[in-house]
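using only what follows, build the 3D model:
(2 chains)
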Amino acid sequence: MERRKTTRGTAAAAYARFIGRRLLLSALVVFGVVVIVFFLSRVIPANPAALWAGPHARPEDIAAAEAEFHLNEPWPVQFYYYILDLLSGDLGVSLRTHQPVLNDIARTLPPTLELITAALLLALLIGIPLGIVSAVRQRTWADHGTRVIATAGVSMPPFWLAVLLSLIFVTWLAVLPASGYVSDSVLVSYPMEWITGSAFINAVIQGNIPVLVDWFRHLVLPALVLAAYPVALVTRMVRTMMIEVLGENYIRTAQAYGLPRQKVVYRYALKNAISPAIVALGLSFAFALTGAFLIESIFAWPGIGQYAWYSAVSFDYPAIVGVALVVAIFYVAVNLVVDLIQGTLDRRIVLTKAEG
Amino acid sequence: MAQAVPPMPEAPQAPRRRSRLWMWVAIGVAAAVVLAGVGVYYLATRPPAISVVTYATSSEMVTLDPSTEFSNSILVLTQVYEGLTRFNPATQTAEPLLATSWTSTPDGLTWTFTLREGVVFHDGTPFNASAVKFSIDRTIRLGAGASFIWFPVNRTEVVGEFQIRFVLDFPAPVDWIASAGYGAWIFSPNTPGATDAEMTAWFNEGHDSGTGPWTINTAQYSVSRVLLDRFPAYWGGWRPGQFDNAVIRVIADPATREASVKAGDVDITMDPPVQDLANLQADARLRVFVGPSYRSMYAFFNSGSGPTANLSVRRALAYAIPYEDVITVAVGGLGSQPRGVIPAGMWGHDPTLPQYEFDLVRAQQLLAQAGYPTGGFTLTLTYTLGDLFEQKFAELYKEQLATLGITLDIQGLPWEAQWARAQAGPEGAQDIFVMYWWPTYITPYDFLWNMFHSASYAFFNLGYYNNSAFDLTIDTASTLEATDRATAWEMYSDSQQMLVDDVPAVGVVDLKNFMLYRAELKGFVDNPAYPLVVFFYELSR
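Have a look, this model is predicted:
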């Protein structure tokens, strides 16, 4: 009867084994992604040397660029050079921006993280309560209203919603700015050190309230547009799962034992219902890393989605591979976190896998 | 035998408590209101903002080396650097900037410039003839970007602290060359960098070492946002009302650029959506500028291979372009049909040159002459992916060619891919190549040599034109620009006539500059010699 020995020590060891195995698998996944993306970007016909040398390049400039970037070697050789550089932290130089790819990513990743975190928070803060209300008050107006909102959220094209919200808040009400990250007039009047690429972190660290407020004003519209789909998704999933869970026998048992309704709904039903919503939210969070590029483009939000798009259409292969690497790492990290959260909510999951 | 289970009696409920959910919602709303109030308080009581002018552009400013930069960073470099002269399109002359006067020998081979005194670089180094020699010699030595403009120069000589001499191998208008927006900048001899490569890296980090009224704020530099600080010791001085800072920002979407100007986030921008022209002109808060640019769109016909190798076919193709539709539909009215190769308004343009009209009957006759009375062949056309003007032109053209029985296969490619294919030589290249051209400095030679000289074969001569008479004419004309402009102009006109006859390419449309800015912005004057550049020093609110 060894299973009875579920002491604290064994649980911790199970977690550790779980995380360890996941990290190893994640590393393999990331490596696989890098190989595939590198191969694809190198075999597609393009002229990266011409991209580097610029629109008025002479043949000698292009030849020099080809030599410098080993462009005439077979792609496995180029991959070997790439991995060597990667191990010393060098992601190469962007052929388009002429800056180190690592610098470009360090500059563009934080704004996107801010944006998708804001959308994620909105999805949680709006979606979960709406889903609960909708499930608990089934077939009332609250439920119908919520379902309309949810359907609208998944159906409205982001660019259309962006234009609509812009029309309302920028053109008619004039309370929010049209585009950008932080206003130039604010940045110039209240100078700030750009320690990181994130205006939010910099402003908080340096106590620069005007920049923080201005950043927030610029964040509102793109975050709302980006949150439309996750909010709708979470609302629907929480509603569905809650209805299902609330119909379970153990809920009725708890009620029969006299436990207050609120406690039943939140502590017992929600914890079990929320798992699939968390998984879906995590995946959409990771997808939004580059999927937000349309919104970033419309609102001129200086994020990695836009960077990835420019890199892709100009065949800037070091940037393409660099972004793919970062996104792959991000995906596996988010998946790991989501699984850990699920494990916390439902102890059965982790232990079963660890023992398997 | 199953028995129905009697329903469970309703369990006694605990006394009903207010939902905690609503309590948390109320706390959240209260917190948001408090935060908003704090924010509004701070913004309302802040001191008067330092004055900033913001210009929104569509493309990134990637490299900043004044010797080699040949792309979008012209927007930045024109603010922080200066050349010996600056071109004035109104007077069609090069006017003094860092040079105050100049002379040349009658044979046009020796040019001596007298330099402005009391000028200082941003790093404190005094400006003098040695600095000019240093800058131009480095640009020539690196041999990249637009350095070819100095090709006529044999050597530079310092003949006095404020006198510099150019000794040429063949005559050339050095005063006009020195007004170029690329490759003619003067920078400090004390620029950091032990090697050329190190100096380039220093520039590309966001530093500058010029004499201009602005300096680049290095700490905040990124390819999509450049902050310029005032240079207090600028030789031109500062008047009240001028801006303390300037920002050049990239906003890729034209509709967003327009909305940003309307909202006041941005003061001036280029190329808003052309269909909004009428609305913008009617808006009292805004001003619209539409004027000549020196940019033109060309369609090159592969004269080395395929059906386009036949002269009659090329002429037929030139008659088949719907020029009026291109202007009204493709560029929203912001263009005119070209005459010859040199854009209207630029020195060297000849308004009397013949022009192909849109005439499908004539085109059909020429095709029949060439042996294709009902068409019956396919042509591949490439344009730069993402360029709406080129794309719309291609689509309009396809419709017209279809009526002649010619199938046009349109391919939008990134510029590098399109160009790489054309460089493969006439056999492997596309049949029709669409691109823009604009001058490096004001001379027809820049257009004619790059796009049609046989030495530029498969470089930008993408019609693969090979005509030694043409080559000789333009080479001679370029030397006459220094000594006999009138004859040079005639020869350039003759060479353009050759191009009209042989049609290795045809001008599709001369583009107009379309700028949108706030009504309270004063002092904006467009200078097409420096495409899409806004000279912030001249502006005030």
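
so where's the chain shaky on pLDDT?
Let's take chain A. Residues of chain A meeting the criterion pLDDT under 70: A:1-9, A:45-46, A:55-57, A:264-265, A:268, A:346-356.

the intended chain is chain B.
B:1-21, B:39-49.

any buried residues in the longest strand belonging to chain B, and which?
Counting residues, the longest strand found in chain B (DSSP state E) is strand B:286-301. By neighbour count with 16 or more other CB atoms under 10 Å in any protein chain shown, strand B:286-301 contains the buried residues B:286-288, B:290, B:292-301. C-beta coordinates here come from the backbone N, C-alpha and C atoms, glycine included.

distance from that strand to the middle of the chain?
In terms of CA atoms, centre = their mean, to the nearest Å, the centre of strand B:286-301 is found 10 Å from the chain centre.

near chain A, anything from it?
No - Strand B:286-301 lies out of reach of chain A by CB under 8 Å from any CB of the partner chain, never closer than 13.2 Å.

just checking, next helix/strand downstream of that strand?
helix B:311-319 (DSSP states H and E).

out of the buried residues of strand B:286-301, who's nearest B:Gly83?
B:Tyr294 (17.5 Å; CB to CB).

does that closest one touch B:Pro343 like I think?
Yes - B:Tyr294 is in contact with B:Pro343 according to CB atoms under 8 Å; the separation is 4.9 Å.

list residues touching both of those two?
Residues touching both B:Tyr294 and B:Pro343 (CB atoms under 8 Å, 6 or more residues apart in numbering or on different chains): B:Trp438.

contacting residues for the nearest residue to B:Glu520 once chain neighbours are set aside?
Leaving aside its sequence neighbours, B:Glu520 sits nearest to B:Arg541 (CB to CB, 6 or more residues apart in numbering or on different chains; 5.4 Å). B:Arg541 makes contact with B:51, B:53, B:241, B:243, B:520-522, according to CB under 8 Å, 6+ apart.

go again with 10 Å.
B:Arg541 makes contact with B:51-53, B:241-243, B:267, B:518, B:520-523, according to CB atoms under 10 Å, 6 or more residues apart in numbering or on different chains.

report the contact partners of B:Val62.
A:54, A:94, A:96-99, B:69, B:71-73, B:204, B:223-224.

also A:Leu86?
Neighbours of A:Leu86 in contact, by CB under 10 Å, 6+ apart: A:34, A:79, A:92, A:321-322, A:325.

and the two most separated of the residues you listed?
A:Phe79 and A:Gly322 (13.9 Å).

looks to me like B:Phe524 is in a helix.
No - assignment of B:Phe524 by DSSP: H, G, I helix; E, B strand; the rest coil gives coil, placing it outside any helix.

now for it, how many residues are close by?
19 (other CB atoms under 10 Å in any protein chain shown).

wait, it touches B:Glu538, no?
Yes - the pair B:Phe524 and B:Glu538 qualifies as a contact (CB atoms under 10 Å) at a distance of 7.3 Å.

about what we covered before: can you put the contacts of B:Val62 in JSON lines and add secondary structure and neighbour count?
Below are the contacts of B:Val62 laid out as JSON lines (DSSP: H, G, I helix; E, B strand; the rest coil; neighbours: other CB atoms under 10 Å in any protein chain shown):
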{"residue": "A:Gly54", "secondary structure": "coil", "neighbour count": "20"}
{"residue": "A:Ser94", "secondary structure": "coil", "neighbour count": "28"}
{"residue": "A:Arg96", "secondary structure": "coil", "neighbour count": "23"}
{"residue": "A:Thr97", "secondary structure": "coil", "neighbour count": "24"}
{"residue": "A:His98", "secondary structure": "coil", "neighbour count": "18"}
{"residue": "A:Gln99", "secondary structure": "coil", "neighbour count": "19"}
{"residue": "B:Glu69", "secondary structure": "coil", "neighbour count": "27"}
{"residue": "B:Ser71", "secondary structure": "coil", "neighbour count": "17"}
{"residue": "B:Asn72", "secondary structure": "coil", "neighbour count": "20"}
{"residue": "B:Ser73", "secondary structure": "coil", "neighbour count": "23"}
{"residue": "B:Asn204", "secondary structure": "helix", "neighbour count": "19"}
{"residue": "B:Val223", "secondary structure": "coil", "neighbour count": "24"}
{"residue": "B:Ser224", "secondary structure": "coil", "neighbour count": "23"}
